[in-house]
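Novice: Dropping the sequence and predicted coords here.
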Amino acid sequence: MSDARFREDAYLRDLSATVTGHTAEGGIVLDRTIFYPTGGGQPGDSGHLVWDGHRLEIATTVKGASGESVLVPAAPEALPQVGVKLMQHLDWERRHRHMRVHTALHLLSVVLPLPVTGGQIGAEKGRLDFMMPEPPEDREAVEAALNALVAADLPVSETWISQAELDGTPELVKTMSVSPPRSGGLIRLVQIGAGADRVDLQPCGGTHVARTGEIGGLRLGKIENKGKQNRRVNLHLI
């Protein structure tokens with residue numbers, strides 16, 4: 001299993017590592033990685049690897065059979081051999097936009113406190129699907145509330161609880177379509193705000209900005225009808 005360093009520090013852009021394996025599909029596994037694998041609606045990271053005068057572009061990152069990050073080359077080129085020491089470089093601008101959108105979607109679930117049935121994160125926008133028979137009556141009020149939470153510059157942090165603790169507080173789970181992320185029997189919770197100013201606490205395995213002010217301005221996009229009980233709410237970075 002790779003040491004998922006992006007969970008300890010989502011702001012790492014470069015990191016040395018050693019190749020520990022290859023997959024049958026031509027992916028690369030490292031002993032420690034800053035590349036987030038596709039999951040929970042968040043796209044896998046891209047970037048490049050450098051070793052011994054070679055450079056290999058990484059198109060995306062996926063989860064391996066044991067949950068490890070598998071780096072997928074952009075083209076069928078020679079791979080660094082097992083045991084090779086290299087430097088991994090993240091496409092930071094793309095990742096950071098994913099972090100901004102991901103945290104913004106958590107805020108959207110605060111402003112619209114309804115069960116979430118799906119979601120997707122992109123570099124320019126994201127969306128959440130809600131159990132919502134009728135659209136919000138006041139779009140401008142929703143957008144204003146989102147931007148007020150951004151302007152509050154609330155801290156974003158993490159904590160861990162046991163499965164038993166989560167079972168005792170099922171209201172923490174907002175997303176019906178994604179199982180809470182586990183690591184060593186513990187579930188990671190992402191918290192927005194602190195103490196009396198906490199506005200959100202929910203299971204999440206993705207990467208987030210350190211404070212809501214880092215998200216920047218938000219624009220509420222199209223609200224689409226996705227069935228009798230479902231509505232898709234799109235959210236854009238400005």
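Specialist: Yep, it's here.
Novice: drop to CA atoms for contacts and neighbour counts, all remaining ones
Specialist: Fine.
Novice: Below-threshold pLDDT in this protein: ranges please.
Specialist: 1, 176-184 (pLDDT under 70).
Novice: centroid residue for it?
Specialist: residue 206 (3.1 Å; C-alpha atoms, centre = their mean).
Novice: In this structure that residue contacts residue 42, no?
Specialist: Yes - judged on C-alpha atoms under 8 Å, residue 206 makes contact with residue 42 at a distance of 6.9 Å.
Novice: Residues in contact with both of the two, list them for me.
Specialist: Taking C-alpha atoms under 8 Å, 6 or more residues apart in numbering as the criterion, residue 206 and residue 42 both touch residue 102.
Novice: how about the closest residue to residue 86 other than its chain neighbours, phi and psi?
Specialist: Sequence neighbours aside, residue 51 is the residue nearest to residue 86 in space, at 4.7 Å (criterion: C-alpha to C-alpha, 6 or more residues apart in numbering). Main-chain torsions, residue 51, degrees, to the nearest 10: phi -160, psi 140.
Novice: Residue 21 and residue 64 touch, don't they?
Specialist: No - contact criterion C-alpha under 8 Å: residue 21 and residue 64 do not qualify, at 11.1 Å.
Novice: Of all the residues in the lengthiest helix in the chain, which ones are buried?
Specialist: Secondary structure of the chain per DSSP state H: the longest helix is helix 92-111. For helix 92-111, the neighbour count (16 or more other C-alpha atoms under 10 Å) marks 92, 94-111 as buried.
Novice: cool, and stretch 70-82?
Specialist: 70, 71, 72, 73, 79, 80.
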